[in-house]
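A.B. asks: coords please:
(one chain, ligands or ions: 1)
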Amino acid sequence: MDQHGAGRDITTTSGVGRRSFLTGLGGLAAFAAVGLTGSQPLRTAGGLSSAAVRSAAAGTVPAADQDPLDLLKRMISFDTENFGNGGKTRPFAEMLKGVWDSAGVSSEIIPTPQPDNVHLIARIKGTTSAAPVLMLGHSDVVPVERDKWDVDPFAGVVKQGQIWGRGALDMKGMDSATVSSLLRHVNEGGRFERDIIVLTDCDEEAGNYGSGWLAEQHWDKLDAGMVLTEGGWFLAQRDKQTPMLITVTRQDKVYFNLDLTANGLATHSSKPNPDAAIVKLSRGVDELASWLAPVHLTRVTRRYFRALADATSDTHFARAIHMMLGAHSQHSLERAARLVVTRSSYPWLHSALLRTTAAFVIEDAGYKENVIPSTAHVRVNCRGIPGGQKPRYFLAQVRAMMRGRDIEVALATPEGVTEADYLDQLDATWATAPADLDTPLYSALAHAAAQTYPDAVFAPALFEAGTSLGPWRAHNIPGYGVYPYVIDNDQLIAMHGNNERIYVDALRQGTEFMYRMFDRFRV
Ligand SMILES: [Zn+2]
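C.D. replies: Okay, here's the model as predicted:
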């Protein structure tokens, strides 16, 4: 599907006067080469001389552990698939603990009640007691459909300039960029002004022993002043490689599920009837799938789309965005939003940032060939915009739509929680303020973006999905997200799908970004 490989099409990017991550490579390779020898080519601020800050591990970190590609290949090779009840994350954590050990960084495995499923916490001690920075990166991945992949999803194959494998994007790629860039600082003998905690958590994709459980057991180990995890996309111009918009997410969409159930007459399959449950449900699914929830712009998404308009080299796209931001009625807002999505190189992402989404994820009906079943059911995963349309209003809209079709719509609630109480809980999540941008971590991210992607626009954003930031948000600790690699739309779609992959050069550039971000915390 994706034909372009590293090194091609470079000349096509020059027309817009922006630097592609491929054209920037020569410089990056030089940075990497110098970095691995232990000098500090990127240090701009003053501070202690390097001799004064040498740690025991200075100069001794294996080069392979400072190489994000090498590390990512190893990470992908551990099958940490999570089918819903936790993954087998212990071997992965033991490998990573070995990496920390050989760099002289202390770390510990935190077991969960499942023997093969663990968390790993590393801590690089800082020179002061300022509130730590916590890096949060999950080790589990969603399952694969092996026969739908073009490569072995756990082999870490590099082809067409991309590294392929489950977790390459979500989020072992981020994990490898974090660890390898930190270890480069460690190898240089760098000291940080505050502790840097790296939490490799399990059960992010599903399961009972994720970050929430860990926080209940060991909050003392997780307490921090600010947290960075997965989230913000690094988007490219239409050429799929020139960095366009570098985003840091500051809030996640509100997650909830609806259950649609159709009832019909159970009868012998020799005499089909038009009111069969499966038929009714399918009609309802078709209607809901062709409907879009109303567009709601918030302070956070307005700022994002303004930045997108500034960033794009596509003037028609920019004009459509400005039309949307200036719309004076819901009608013109909807019309402009349709145009924005049509013109976007990332249409599904941008549609999701504009409204509540509904995705059909699990369907069940029927049990025997000669019986037309009396019920059919589908689960719909929904994501609402904080400060946009409340989940309760979305639910009411879907109910009204399905009522005429004789389809029941239920909000899926945790056991023992009523719908009314759960809607109140969702309201509270919906009303949660986005993370404060006035923090050392956010300004370090902004600084690193300006240095690493000088021709792109940097902006805060809404994450269209979810993260394991819950416990820190509950403590009012600002949490942000990035996937530090420029991706194209095909790669974006492969997240949680088949043939997940990212550009190797984008990973390397993103690791430079992370290195520069951590550099802001060096003494
Ligand atoms: Zn993830």
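
A.B. asks: only C-alpha atoms for contact and neighbour calcs from this point on.
C.D. replies: Fine.

A.B. asks: and R355, how many neighbours?
C.D. replies: Other residues within reach of R355, judged by other Cα atoms under 10 Å, total 22.

A.B. asks: was I right about it contacting T298?
C.D. replies: No: contact criterion Cα atoms under 8 Å: R355 and T298 do not qualify, at 10.4 Å.

A.B. asks: Mutual contacts of the two, please.
C.D. replies: Shared contacts of R355 and T298 (Cα atoms under 8 Å, 6 or more residues apart in numbering): G388.

A.B. asks: just so I have it, where are all the helices in the stretch 101-250 of the chain?
C.D. replies: Using DSSP state H, counting those that start in this stretch, the helices assigned to the stretch 101-250 of the chain run over residues 172-187, 211-222.

A.B. asks: now the ones you listed as TSV including distance to M135?
C.D. replies: Below are those laid out as TSV (distance: least, Cα to Cα, whole Å):
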stretch	distance to M135
helix 172-187	8
helix 211-222	10
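
A.B. asks: for those helices, which one sits closest to I278?
C.D. replies: The closest of the helices of the stretch 101-250 of the chain to I278 is helix 211-222. By Cα to Cα, the value is 38.2 Å.

A.B. asks: So which other helices or strands are in contact with the closest one?
C.D. replies: strand 192-201, helix 470-474 (3 or more Cα pairs under 8 Å, 6 or more residues apart in numbering; DSSP states H and E).

A.B. asks: and A376, what pLDDT?
C.D. replies: At A376, the model reports a pLDDT of 98.

A.B. asks: Neighbours of it, how many?
C.D. replies: Using other Cα under 10 Å, A376 has 22 other residues around it.

A.B. asks: Adjacent strands (with direction) for the helix or strand it falls within?
C.D. replies: For A376, the host element (DSSP states H and E) is strand 375-384. Using DSSP bridges, strand 375-384 pairs in its sheet with strand 254-263 (antiparallel), strand 357-365 (antiparallel).

A.B. asks: what helices or strands is the first helix or strand past that strand going along the chain leaning on?
C.D. replies: Once strand 375-384 ends, the next helix or strand along the chain (criterion: DSSP H and E) is helix 391-403. Where contact means 3+ Cα pairs under 8 Å, 6+ apart, helix 391-403 is packed against strand 407-411, helix 419-430.

A.B. asks: One more pass at 7 Å, please.
C.D. replies: Here helix 391-403 touches no other helix or strand, going by 3 or more Cα pairs under 7 Å, 6 or more residues apart in numbering; DSSP states H and E.

A.B. asks: At the geometric centre of this protein, which residue do we find?
C.D. replies: G231 (3.5 Å; Cα atoms, centre = their mean).

A.B. asks: can you tell me which residues contact that residue?
C.D. replies: For G231, the contact set (Cα atoms under 7 Å, 6 or more residues apart in numbering) comprises V248, T249, F463, G481, V482, Y483.

A.B. asks: For the closest residue to the first one other than its chain neighbours, give me the pLDDT.
C.D. replies: To tie it back to what came earlier, the one meant is V248. Spatial nearest neighbour of V248, chain neighbours left out: G232 (4.4 Å); criterion: Cα to Cα, 6 or more residues apart in numbering. pLDDT for G232: 98.

A.B. asks: quick one: low-confidence parts of this protein?
C.D. replies: Within the chain, the stretches with pLDDT under 70 are 1-57.

A.B. asks: What residue spans form the domains of it?
C.D. replies: Domains of the chain are assigned by automatic domain parsing as 17-42+54-226+491-519, 254-291+356-384+387-428, 294-355.

A.B. asks: Please identify the deepest-packed of these.
C.D. replies: Ranked by mean neighbour count under mean count of other Cα atoms under 10 Å, those are led by domain 17-42+54-226+491-519, which reaches a mean of 21.

A.B. asks: distance between that one and the chain's centre?
C.D. replies: Computed by Cα atoms, centre = their mean, to the nearest Å, the chain-centroid distance of domain 17-42+54-226+491-519 equals 14 Å.

A.B. asks: Could you tell me which strands sit next to the lengthiest strand in the chain in the sheet, and their orientation?
C.D. replies: Ordering each strand of the chain by length in residues (DSSP state E) puts strand 126-138 first. Paired with strand 126-138 in the same sheet, following DSSP bridges, are strand 192-201 (parallel), strand 226-236 (parallel).

A.B. asks: if we can go back for a sec, could you dump the strands paired with strand 375-384 into CSV with distance to G284 added?
C.D. replies: Listed next are the strands paired with strand 375-384 as CSV, based on distance: least, Cα to Cα, whole Å:
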stretch, distance to G284
strand 254-263, 9
strand 357-365, 11
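
A.B. asks: for these, which one sits closest to V523?
C.D. replies: strand 254-263 (38.4 Å).

A.B. asks: now the closest one against helix 391-403, angle please.
C.D. replies: 20 degrees (axes from the mean of the first three to the mean of the last three Cα atoms, to 10 degrees).

A.B. asks: what's in contact with strand 254-263?
C.D. replies: 277, 280-281, 374-386, 406-412, 429-430.

A.B. asks: okay, it in CSV with CA atoms only?
C.D. replies: Listed next in CSV are the C-alpha coordinates belonging to strand 254-263 (Å, rounded to 0.1, in the frame of the first residue of the first chain):
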residue,chain,number,x,y,z
VAL,A,254,-14.4,10.6,27.2
TYR,A,255,-14.8,6.9,26.8
PHE,A,256,-18.1,5.0,27.1
ASN,A,257,-19.9,2.2,25.5
LEU,A,258,-23.5,1.7,24.3
ASP,A,259,-25.3,-1.6,23.8
LEU,A,260,-27.8,-1.9,21.0
THR,A,261,-30.2,-4.8,21.2
ALA,A,262,-32.9,-5.7,18.6
ASN,A,263,-35.6,-8.2,19.5
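
A.B. asks: quick check: angle from it to strand 407-411?
C.D. replies: Counting by the same axes, to 10 degrees, strand 254-263 lies at 150 degrees to strand 407-411.

A.B. asks: Can you give the strand pairings for whatever helix or strand comes next after strand 254-263, parallel or anti for each?
C.D. replies: Sequence order places strand 267-268 as the next helix or strand after strand 254-263, per DSSP H and E. Its sheet considered, strand 267-268 pairs with strand 371-372 (antiparallel) by DSSP bridges.

A.B. asks: beta partners of I372?
C.D. replies: T267.

A.B. asks: quick one on the thing from earlier: partner residues bridging the residue nearest to V248?
C.D. replies: Here G232, judged by DSSP bridges, has bridge partners V482.
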